[in-house]
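**Q** need coordinates for the below:
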Amino acid sequence: MSEKVFGGKINRIVKQRCEEHKEFFDQKLITIIMFEPPSREKNPQKISQYEAAVVSTNQKVKTFEFIGCQVNRYQLPGNTEPNEFAQLIEQAVNNPQSIGIIVQNPLPSPDLAEELHNIPPKLDIDGVNLLHPIFKASATSEAVARLVESFASPSDKVAVVGSRGFVGQGIVKLLKEKEITVIELDIAQGNTKEDIRQGLLNANLVVSATGQPNLITKDFLKAEHKLVVDTGFIPQSEGQPPLGDVAKDAYDIPQRITPVPGGVGPIQMAVLLERIMRMAQIQIQSWDYNRDIVPLIQNLEL
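**A** Residues are numbered from 1 along each chain as shown. Down below sits the predicted model:
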């Protein structure tokens with residue numbers, strides 16, 4: 001049976017390290033902006049991405065309120081004009097209490113993406129700007145890459161499905177910087193489902209960052225996979241659990257897997273906490289799976 005890698009353990013450890021610094025963040029401001037889908041959007045998969053952004057925003061609000069921040073959250077209409085978006089960003093930038101600005105994907109218009117450059121690096125804690133001088137990728141990308149590094153040996157190959165997407169690009173970039181061999185797979189670069197399946201079977205570890213429900217089925221995975229990381233989070237109708245990129249009936253095949261929900265999401269929150277501490281010039285120990293989590297698992301097994 002596969003070991004489920006829950007992110008909550010990492011999240012709790014990071015929260016404990018941040019707790020003593022709560023006083024510093026009293027009345028500091030985090031702004032989170034998300035969008036409603038445009039009225040013309042009829043694709044259920046695209047609409048689910050906007051629904052996932054709401055869930056992610058709720059998690060971020062709880063995370064930042066935990067350390068004492070005030071969180072202003074905005075859900076803008078899908079027909080928001082770039083100048084309206086720019087004014088909201090400017091308002092947050094000019095607030096002397098601002099310590100972070102987060103803009104949730106997806107954006108309903110490419111024109112809105114141009115306004116992200118108006119977020120200064122000191123407030124861009126989620127790394128939405130690809131040329132960020134401190135954070136080389138998004139918090140989600142960093143969370144996944146650090147987890148993969150914990151299990152990858154020098155001779156391993158890591159298959160990244162969705163390598164052309166915002167999160168996937170960041171994962172590939174960070175893994176390559178650690179000299180980890182990456183197999184890049186994406187329908188956007190012409191790969192078929194069979195190409196993706198073969199790529200995964202040729203890898204030792206797997207990351208899927210597509211947001212396409214049940215893309216990775218049982219025949220894509222093997223018992224030799226050391227770790228499968230599923231970044232997908234696709235909300236379903238009320239009362240139904242969210243889906244990931246990996247089909248639920250494939251969970252027991254690899255040695256380890258991050259479940260949906262409860263896998264990558266809490267680790268992303270832990271990374272955001274570490275980042276906000278860093279931007280505030282507060283030193284805390286960064287989480288490390290082998291140092292912090294493996295001993296906990298071993299103690300439970302004794």
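**Q** where along the protein do the strands fall?
**A** Remark: strands assigned in the chain by DSSP state E are 3-4, 29-35, 70-76, 98-103, 157-161, 181-185, 205-208, 227-230, 256-257.
**Q** how much space between the closest residue to residue 23 other than its chain neighbours and residue 167?
**A** What sits nearest to residue 23 in space, not counting adjacent residues and going by Cβ to Cβ, 6 or more residues apart in numbering, is residue 68, at 7.2 Å. Backbone N, C-alpha and C define where each C-beta goes, glycine included. Distance, residue 68 to residue 167, using Cβ to Cβ, to the nearest Å: 29 Å.
**Q** compare the two (neighbour count), which wins?
**A** residue 167 (25 against 16; other Cβ atoms under 10 Å).
**Q** domains of the protein?
**A** 20-130, 139-264 (automatic domain parsing).
**Q** so what would you say the end-to-end distance of stretch 22-40 is?
**A** 43 Å (Cα to Cα, to the nearest Å).
**Q** need the winner for burial among the domains of the chain.
**A** domain 139-264 (a mean of 19; mean count of other Cβ atoms under 10 Å).
**Q** helices of the stretch 101-250 of the chain, start to end?
**A** In the stretch 101-250 of the chain, the helices defined using DSSP state H, counting those that start in this stretch lie at 110-113, 139-151, 166-177, 193-201.
**Q** for those, give me a markdown table that also has mean pLDDT.
**A** Shown next, in a markdown table, are those (pLDDT from 0 to 100):
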| stretch | mean pLDDT |
| --- | --- |
| helix 110-113 | 94 |
| helix 139-151 | 98 |
| helix 166-177 | 97 |
| helix 193-201 | 97 |
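**Q** pLDDT weak spots in this structure?
**A** Within the chain, the ranges that satisfy pLDDT under 70 run 298-302.
**Q** could you pick out the longest helix of it?
**A** Secondary structure of the chain read by DSSP state H shows that its longest helix is helix 44-66.
**Q** only C-alpha atoms, please: export it in PDB.
**A** The C-alpha coordinates for helix 44-66 follow below in PDB (Å, rounded to 0.1, in the frame of the first residue of the first chain):
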ATOM      1  CA  PRO A  44     -16.300  23.200 -16.900                       C
ATOM      2  CA  GLN A  45     -12.600  22.600 -16.400                       C
ATOM      3  CA  LYS A  46     -11.800  26.300 -16.700                       C
ATOM      4  CA  ILE A  47     -14.700  27.200 -14.400                       C
ATOM      5  CA  SER A  48     -13.400  24.700 -11.800                       C
ATOM      6  CA  GLN A  49     -10.100  26.600 -11.800                       C
ATOM      7  CA  TYR A  50     -11.900  29.700 -10.500                       C
ATOM      8  CA  GLU A  51     -13.600  27.600  -7.900                       C
ATOM      9  CA  ALA A  52     -10.300  26.200  -6.800                       C
ATOM     10  CA  ALA A  53      -9.000  29.700  -6.400                       C
ATOM     11  CA  VAL A  54     -11.700  30.400  -3.900                       C
ATOM     12  CA  VAL A  55     -10.700  27.400  -1.800                       C
ATOM     13  CA  SER A  56      -7.000  28.400  -2.100                       C
ATOM     14  CA  THR A  57      -7.900  32.000  -1.000                       C
ATOM     15  CA  ASN A  58      -9.700  30.700   2.100                       C
ATOM     16  CA  GLN A  59      -6.600  28.600   3.000                       C
ATOM     17  CA  LYS A  60      -4.400  31.700   2.600                       C
ATOM     18  CA  VAL A  61      -6.700  33.900   4.700                       C
ATOM     19  CA  LYS A  62      -6.500  31.400   7.600                       C
ATOM     20  CA  THR A  63      -2.700  31.000   7.200                       C
ATOM     21  CA  PHE A  64      -2.000  34.700   7.300                       C
ATOM     22  CA  GLU A  65      -4.500  35.500  10.000                       C
ATOM     23  CA  PHE A  66      -2.800  32.800  12.100                       C
END
